[in-house]
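In: based on what follows, work out the 3D shape:
(chains A and B)
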Amino acid sequence: MAFLFDKKTILTVGAIAVALVYIVQLFNLQILDEEYKINASNNAFRYDIRYPARGLILDRNGKILVGNETAYDIMITPLEVKGLDTADLCSVFNLDINDVRAKLKEYHRDRRRIGYQSIPFVKQVPGWQYTIFLEKSYKFPGFSGVSRTIRNYPFNAGANLFGYISEVDTAFLNRNPDYRRGDYVGRTGIERSYEHVLKGKKGYNIFLRDVHNKVKASFSDGQYDLDAVPGKSINSSIDGELQQYGELLMSNKVGSLVAIEPSTGEILTLVSSPGIDIDKLAHINKYFGEISADPLKPMFNRAVMSPYPPGSVFKLVNALIGLEEGVLNHDTRYSCAGRYPVGRGVGCHPHPSPTDLTQSIYMSCNTYYCYVFRNIIDNPKYSSVAAGFNRWKELVESFGFGNKLNTDFHAEQGGTLPTTDTYDRIHGKNRWSSLSIISLAIGQGEIGTTPLHLANLAATIANRGHYYTPHIVKGSPDTLINFNFSEKKFTKVKPEHFLEVIDGMYLAVNSPPGSGATARIAAVKGLDICGKTGTSQNPHGKDHSVFICFAPKDNPKIAVAAYIENAGFGATWAAPIASLLVEKYLNQKVDRKDLEAYVIQGNLIRNVLK
Amino acid sequence: MKNYDYRKLDWPLIMCYLILTFVGWISIFSAVYDEDHAQIFDVTQRYGMQFIWIVTSFVIAFAALFLVNPKLYSTLAWIIYGLSMFLLVAVIFLGIEVNGSLSWFEIGPVRFQPAEVAKIATTLALASMMSSYQFRIKSVRSIIKIIAVILLPMAIIVMQKETGSALVFLAFTFMLFREGLSGWYIMFGILAIVIFLITLSLSPFAALIVLFALLVIARGVLMRKILIHILFLSVLLPIMILSPRIGELDFIFNRFMMPDEGWLAVIIVPLFVYHIYSTVKHKFSGMWLATLSFIGAVVLVFSVEFFFEEVLKDHQRARIENLLGINVDLKGAGYNVHQSKIAIGSGGFSGKGFLNGTQTKYNFVPEQSTDFIFCTVGEEWGFLGSTALIMVFLFMIIRIVNLAEKQKDHFNRIFGYSLASIMFMHFLINIGMTIGIMPVIGIPLPFVSYGGSSLWSFTLFLFIFIRLDLDRWK
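Out: Predicted coordinates for the structure are as follows:
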């Protein structure tokens, strides 16, 4: 074979060609191709998440309702565990040695998959235990602690309001791509409604790691680490002391107690009893089964979810509608001989007769309201019963009944109001009259209102005709929260009519003995409490005890609704409970120690569970 | 030793040697670096040990330059060859097993691989044999002798399961080429590799088309009718490529079921028969060689699969498949190369700086201080640094070739060419594999990779040559 060049040159050119090819490939890898650079940063950096402290929840006076404490997740790096004294480790964390052995076995089985990753070994170890661990940690290579904040609750109250947080699960992650495994999220109550404010922003520490995921060093001395941004705190409208007192009053009773500041709509206290024990809230996962299995459903927030017939307190609404519709005035009198005498009739309790409007309220005369209600529905202004009913319903809805109030409780329910359809279904079209639906006159029948609705009614009357949407959060000391809670919502009843009703409510509480007033037990000297009792008939058991009130009569500071299941007359339990709460709030102390003791010691749960 | 002027030593080569060993040392330091052992002289770490290897290799270099009479090399060549063959065999029985290969002696803290010295011994034997007066490289006897001298250590090393080191001996082909071996052998070697790769990565069908096209071109060149053959080829190529479509024609459809290669044969065989006929008739010189080569290559194509599946070991097959992109397994056989490319690629233009390489420092790249040391250079010194290192190697190889060419003594020239060839082979395979051009074959980068055996024997190899080079000034 003939060559143009001598062999030395050919060999040299060959070597140069190879070198050139290699340099081109290096140029390609090192300068043109971005893929390898991106890969390198994934390879070598490990981002360790820094969890932010969750925002605090403060009460209306700035006291901490929901705070944070540091707990530690004890992490294990199975491949680094050497010469472990299992018994010693168990004694530090108070663990069962067999559980630990089983866990270690599992890690050993998965050691290839885990590699040099750290995985949680014990979660949420309290600080004092962690300190013991730290002292002994030289004995436990492969174990380390990561700080996490967990909730603590300085006030022994409000568990259902605050709600709980728990680690995200797969279903949640699928819906919320912003979250990562291991994050905590508010599941109920304020924690849930204001998750976006409270959660804060995660940060990270960057570490260099080797191929086994073994962390080698902090990257650039932490220069590129990102600090976690703590969550923003929340000013709740709750009065911590009052909430605690409310829960004390409600102990061993099933029902709700709601207090609102009428001039703002801010919820001062909201008790749903029985509720979740606050001591269990921070470790909800541990108690979840127990809580769910409780037949009294402590997780269920009755105060905003449960629709009850309002009973006699609804007479106030009918009175206001009657006044507004012109079928009733101050001097309208009806006599009562113990029952409403038309049709199947409606029973009443013994009281002086006849009654005018004011008297009908403070004596709570059923017969009176049957007349009033029928006059509203059968008002000749309207062409038909249905038209009269729809007008009534329109006015009732203007108080917020039958619909959600759009509070900041994500679980809020709207209660129920009947429609003409409801009655067409029950009785047949046009086959019903005001008499068929007479139960509505006294707040029974096809009507369901939540205790929050009733508290809102009290606030509406206190305000003489308008309310603010009840809400539990006032704002945040750290950030601006957009609310729509400052708008006045007017009822379709003129303010002057409220004055008539308020007189009746005032006298219901503050009449002299022998007057027939139903709520005298609620009277507190100097507080001018105005109230209305209710006894909601319950086909399933003992009647529910209901009471709404506000105080003082002029320039009211607090409006309360108490709804106690299976507790009998409104005056027996609901009125004392509500009035004690008012007294506590307005006087900062309770003088009626006997009544207080009677209420606190009263155990009505057996009525419910029988 | 008093006869020489030491200023005549080839200082550029010595400078390159010092640069490479220094680069190797700091790269090993960087690759193994550990803050608990931040001292570069810490002998519990590889960089500390490498320092000892470097210092001792200076002693070896000094000995080769000043203590040993260069006449001894040609005199003792066969004895040295014999001894080293003995060591190669002995290590199989007396050595320790490292990563599955039986190629290491262990004497106290020192490990030694006789295969490294066998390269020098084989070089000496070849140089001694080929520099004798009776030797004629074109004779069949001589070629058989040469092949025997080279194949013997290769075979023993393959038995040690060090296939990579055995492959290095193929580098003697370059030296033989210089010494008069026909370039065809190299051409055939390259052609065989290309055919092998085309067959594997595309298909036997594609390889056959390429081969036949080459035959047509060769025929055109040999008959001095290049133009007509190229025209013919341009018509033939589409026909060959589309030949399997014949089976889809209506009148044939489903009557003859044949693989693609069968349809191709329908076109090629008649043409090939005509080609044989015309070759017999016209007796063009070299045509038989081309034709036989073609037949041999066709046989190769059909035996590739057998060779690939039956002869190669699993890991070797996986490495080749990975290189060709047939079956890339980034967690398995492809892991090393992928990580190595990431490390080098992440270096960018000027690198991350000394001790700042995250990929090599944190053990992402396996064998980072030995076979994959080039990654550290690539990552920490970037395109500039790695190109510079390549240039140093290239300079050394070319300089050795130039010096070899100047030798008056055949022994010295053959020795020099052998040195350059073997260095080139290491350079070709080692850097090629770290940048994903060559399959992974575990051989060190001369003077740079960690390890006493490799450094000592390359030092000895180089300095014997530098000493031999002084003979020019006699």
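
In: ok, the residue of the stretch 201-350 of chain B found nearest chain A - how many residues close by?
Out: Relative to chain A, the nearest point of the stretch 201-350 of chain B is B:G345 (2.6 Å; Cβ to the nearest Cβ). In short, each C-beta sits where N, CA and C put it, glycine included. Other residues lying near B:G345 total 26 when counted by other Cβ atoms under 10 Å in any protein chain shown.

In: which stretch of helix or strand covers it?
Out: Element membership for B:G345 (DSSP states H and E) is helix B:335-346.

In: show me what that helix is packed against.
Out: The contact analysis (3 or more Cβ pairs under 8 Å, 6 or more residues apart in numbering or on different chains; DSSP states H and E) places helix B:335-346 against helix A:35-44, helix B:358-361, helix B:373-406, helix B:410-434.

In: okay, now the domains of chain B?
Out: Domains of chain B are assigned by automatic domain parsing as B:6-178+B:329-473, B:186-311.

In: mean pLDDT lowest where, among those?
Out: For the domains of chain B, mean pLDDT drops lowest on domain B:186-311, to a mean of 82.

In: circling back to that earlier point, could you dump the helices and strands packed on helix B:335-346 into CSV and include mean neighbour count?
Out: CSV is the format used below for these (neighbours: other Cβ atoms under 10 Å in any protein chain shown):
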stretch, mean neighbour count
helix A:35-44, 17
helix B:358-361, 28
helix B:373-406, 22
helix B:410-434, 25
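
In: and those: which comes nearest A:N538?
Out: helix A:35-44 (64.6 Å; Cβ to Cβ).

In: just name the most buried of the domains of chain B.
Out: Mean neighbour count (mean count of other Cβ atoms under 10 Å in any protein chain shown) peaks for domain B:6-178+B:329-473 among the domains of chain B, with a mean of 20.

In: gap between that domain and the chain center?
Out: Domain B:6-178+B:329-473 has its average C-alpha position 11 Å from the chain's average C-alpha position, going by Cα atoms, centre = their mean, to the nearest Å.

In: and A:A508, what helix or strand is that in?
Out: For A:A508, the host element (DSSP H and E) is helix A:495-510.

In: could you check how far the residue nearest the centre of chain A is from chain B?
Out: Geometric centre of chain A, nearest residue: A:G189, 2.8 Å, by Cα atoms, centre = their mean. Distance of A:G189 to chain B, computed by Cβ to the nearest Cβ, to the nearest Å: 46 Å.

In: repeat that for A:C90.
Out: From A:C90 across to chain B, the span is 32 Å (Cβ to the nearest Cβ).

In: which residues does the residue in chain A that chain B sits nearest to contact?
Out: Closest contact between chain A and chain B, by Cβ to the nearest Cβ, is at A:Y36 (2.6 Å). Residues counted as contacts of A:Y36 (Cβ atoms under 8 Å, 6 or more residues apart in numbering or on different chains) are A:29, B:341-342, B:344-346.

In: same thing but 10 Å
Out: Residues in contact with A:Y36, defined by Cβ atoms under 10 Å, 6 or more residues apart in numbering or on different chains, are A:28-30, A:43, B:338, B:341-348, B:359.

In: likewise A:I284?
Out: A:I284 makes contacts with A:151, A:159, A:163-166, A:187-188, A:276, A:291, A:299, as judged by Cβ under 10 Å, 6+ apart.

In: Throw the residues you listed into a markdown table and include secondary structure, thanks.
Out: Listed next are those as a markdown table, based on DSSP: H, G, I helix; E, B strand; the rest coil:
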| residue | secondary structure |
| --- | --- |
| A:R151 | strand |
| A:A159 | helix |
| A:G163 | coil |
| A:Y164 | coil |
| A:I165 | strand |
| A:S166 | strand |
| A:R187 | coil |
| A:T188 | coil |
| A:I276 | coil |
| A:I291 | helix |
| A:M299 | coil |
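
In: from A:I31, how far out is the residue of the stretch 201-350 of chain B closest to chain A?
Out: With distances taken as Cβ to Cβ, to the nearest Å, B:G345 is found 9 Å from A:I31.

In: list the strands paired with the longest strand that chain A contains, with their directions.
Out: Scanning chain A for the strand with the most residues, using DSSP state E, yields strand A:64-76. In the sheet, strand A:64-76 lines up against strand A:57-58 (antiparallel), strand A:119-126 (antiparallel), strand A:143-152 (antiparallel) (DSSP bridges).

In: helix or strand for the closest residue to B:I246 other than its chain neighbours, which one?
Out: Excluding the flanking residues, the one nearest B:I246 by Cβ to Cβ, 6 or more residues apart in numbering or on different chains is B:W263, at 5.2 Å. Per DSSP H and E, B:W263 falls inside helix B:260-282.

In: what packs against that helix?
Out: If you count contacts as 3 or more Cβ pairs under 10 Å, 6 or more residues apart in numbering or on different chains; DSSP states H and E, helix B:260-282 packs onto helix B:204-223, helix B:226-242, helix B:287-306.

In: try it again with 6 Å
Out: Using 3 or more Cβ pairs under 6 Å, 6 or more residues apart in numbering or on different chains; DSSP states H and E, the elements in contact with helix B:260-282 are helix B:204-223.

In: end to end on stretch A:251-271, go ahead and measure it.
Out: Length of stretch A:251-271, first residue to last, Cα to Cα, to the nearest Å: 10 Å.

In: for that stretch, buried residues please.
Out: For stretch A:251-271, a neighbour-count test (16 or more other Cβ atoms under 10 Å in any protein chain shown) marks A:253-262, A:264-271 as buried.

In: what's in contact with it?
Out: Applying Cβ atoms under 6 Å, 6 or more residues apart in numbering or on different chains, the contact partners of stretch A:251-271 are A:161, A:237, A:239, A:242-243, A:246-247, A:250, A:272-273, A:302-303, A:451-452, A:455, A:459, A:462-463, A:468-472, A:485, A:556, A:558-565, A:581, A:603-605, A:608.

In: what subset of these is buried?
Out: Among the contacts of stretch A:251-271, those buried by neighbour count (16+ other Cβ under 10 Å) are A:161, A:237, A:239, A:242-243, A:246-247, A:250, A:272-273, A:302-303, A:451-452, A:455, A:459, A:462-463, A:468-472, A:485, A:556, A:558-565, A:581, A:604-605, A:608.

In: mind putting the strands paired with strand A:64-76 in TSV, mean neighbour count, mean pLDDT and distance to A:L84 included?
Out: Formatted as TSV, the strands paired with strand A:64-76 follow (neighbours: other Cβ atoms under 10 Å in any protein chain shown; pLDDT from 0 to 100; distance: least, Cβ to Cβ, whole Å):
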stretch	mean neighbour count	mean pLDDT	distance to A:L84
strand A:57-58	24	91	41
strand A:119-126	17	82	11
strand A:143-152	18	81	9
